[in-house]
Each structure stands twice: as C-alpha cells, then as structure tokens.
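Enquirer: please work out how this folds:
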Amino acid sequence: MTPDDLLGEIPGLYRFARALVRDEDLAADLTQDTLLRAIERAHQYRNDAPLGAWLKRILRNLATDRARRSEHEVIVEDVEARWHDDDYTVDPAMAVAQAATHDELEDALTRLPFIYRSTVVLHDVEGWTVHQIADLDEVGLPAAKQRLRRGRMALVTALASGAARRHALEGVPMRCWDARQHVSEYLDGALDARTARTVEAHLESCPTCPPLYAALVGVHDAVGALRDTDAVIPPQVAQRLTALVTATLAGGVAEPTS
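Expert: Got it, this is the predicted structure:
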C-alpha cells in the first residue's frame, strides 16, 4: 500500500461516505479519519484483499460509531409490519419518481437506520455480495439477507411517505434540513441577513421546524444558566490537578493521588 494507492481511493471513499451520511462535512471527516486509520493500521492490510474494500470497511465502522437514532428515522419493524398487511401498498410511479430525484433519494436513505442503510448502499451501490456484508458485520448470512430485505422495503416506504411530506411543505422556503443546519448560527445572530430572512420565512410556514427551534432556544438558555451555578471543586481534585500542572511545567511526572 503506497501513498498513491490511498490517494487513488479518495473519490470512491468520499462517495461512499456521502451515501451513508448526508452531511458533506461529516463525509469529509469520515474520509479523512479513514485514511488516518488506514495509515495507522497499514500493517494489518493484506495485499490479497482489494484496498478499496478494506478502506470501506474502516469507514463503515467509523460511521457506525457515529450513528445515532434520529427522530425522523424510519422504524424498520413498523415498515415490515405494514408489508405483512395484504392491504398495504404504495404508488409505484410516485416512489420511482422520488427515487429519480437525487435529493429525495438521499433524504429517504438518510432516514433508514444505519445498519440497513449501509447494507443497501454496500450491496446496491458498491456491489458487495451478501456474503461479504455478513462477514463485515460479523453476522450470519440469513441476518445479512434480512437486513437487505428490510432496508429495501424501508427505502420504498420512506420514498412513498416522502412525497406526502414534500406536498405538505410545498411553498415553504428552504428545505427543512437546510434550515436546521442554519438555526444554530441564527440563534447566535451569526447569519448573513439574506439567509436569516429565509430561515425566518421557513420557521413561519413549516409545520415541524418551529418546535425544534423552540426546544433549541430553551435548551440553550438552560445551558447558559449554568454559568451562574456555584461549582466548588473538591479539595482532592484541586490537589491532583495542581500537582499535574506543576509537574508538567517542571518537566516531571505527577504521582497519582487518591
């Protein structure tokens, strides 16, 4: 594995990261962390395995560590229960039309729980076999097949429901995710005037974002109130920290105290 080998894998790694996480900055961070991890563990790489596959395993594991359940995440068990119902169906033309729109497909993928999203991406985008995915996840072949089946079902359901959400948000300035990425800076008064006005217009007409913003403001105020809370450091902690700083500045090593 040479530096040129790693550099050649960057575009594919970043594409894979963007399929797993919607945020461009997070995708870049994951790609960077993957390269750093690969350099640290270069001795573990076996030349008989494709470098790209090895790097994607690292990236996928890093992304798994960062993944958290979102309030907008599809509950896959509920989706499968719907698919068990003989009366459940979707409009196929609408689902396919949604999938043909990059933003809608990306949004639907993002709403899938990570293990299902990554399984679908690895199999249907990256061309991995179910056997390879099972090895990566350290699960049996039936479990890997179940994740792929559930992930595909959940994706169709998410696309179908996404159309209804978009209809409800028709005419609302700015997409919800775009607005939510800006609300922290809006709260701090750090947005340029044009973007701030667009965020305000979104908050005035969106049915779901105002409660999130209100919660953000309330939590921000509560956290800010901590500065007025008296915090007395325990004597033993103060002693340990003082010894540590003193020893560090003196070039020595502080003995741990109990």
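Enquirer: do you have the helices of the chain handy? List them.
Expert: Assigned by DSSP state H, the helices in the chain fall at 3-20, 24-40, 51-66, 76-84, 92-99, 102-110, 114-120, 130-137, 141-168, 176-187, 193-205, 209-224, 235-250.
Enquirer: and the first one, what other elements does it pack with?
Expert: Same thing as helix 3-20. Where contact means 3 or more CB pairs under 8 Å, 6 or more residues apart in numbering; DSSP states H and E, helix 3-20 is packed against helix 24-40, helix 51-66, helix 114-120. (C-beta placed from N, C-alpha, C; glycine too.)
Enquirer: do that again at 7 Å, thanks
Expert: When contacts are defined as 3 or more CB pairs under 7 Å, 6 or more residues apart in numbering; DSSP states H and E, helix 3-20 sits against helix 24-40, helix 51-66.
Enquirer: same deal with the fifth one?
Expert: Applying 3+ CB pairs under 7 Å, 6+ apart, one finds that helix 92-99 makes contact with helix 141-168.
Enquirer: mean confidence score for stretch 39-49?
Expert: On average, the pLDDT along stretch 39-49 is 77.
Enquirer: and that stretch, how far from the chain's centre?
Expert: Here stretch 39-49 is found 26 Å from its chain centre; the criterion is CA atoms, centre = their mean, to the nearest Å.
Enquirer: shaky segments in the stretch 101-250 of the chain?
Expert: For the stretch 101-250 of the chain, applying pLDDT under 70 flags the ranges 162-172, 225-234, 237-238, 241-243, 245-246, 248-250.
Enquirer: make a markdown table out of the helices of the chain and add mean neighbour count.
Expert: Output for the helices of the chain, formatted as a markdown table (neighbours: other CB atoms under 10 Å):
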| stretch | mean neighbour count |
| --- | --- |
| helix 3-20 | 16 |
| helix 24-40 | 16 |
| helix 51-66 | 18 |
| helix 76-84 | 14 |
| helix 92-99 | 14 |
| helix 102-110 | 18 |
| helix 114-120 | 23 |
| helix 130-137 | 17 |
| helix 141-168 | 18 |
| helix 176-187 | 16 |
| helix 193-205 | 15 |
| helix 209-224 | 12 |
| helix 235-250 | 11 |
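Enquirer: rewinding a little: let me have the helices and strands packed on helix 3-20 in CSV, extended by distance to Gln181.
Expert: Listed next are those as CSV, based on distance: least, CB to CB, whole Å:
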stretch, distance to Gln181
helix 24-40, 10
helix 51-66, 17
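Enquirer: of these, which is nearest Thr101?
Expert: Among these, helix 24-40 comes nearest to Thr101, with 18.3 Å by CB to CB.
Enquirer: which other helices and strands contact that closest one?
Expert: With contacts defined as 3+ CB pairs under 7 Å, 6+ apart, the packing partners of helix 24-40 are helix 3-20, helix 51-66.
Enquirer: and that helix, how far from the chain's centre?
Expert: From the chain centre to the centre of helix 24-40 is a distance of 14 Å (CA atoms, centre = their mean).
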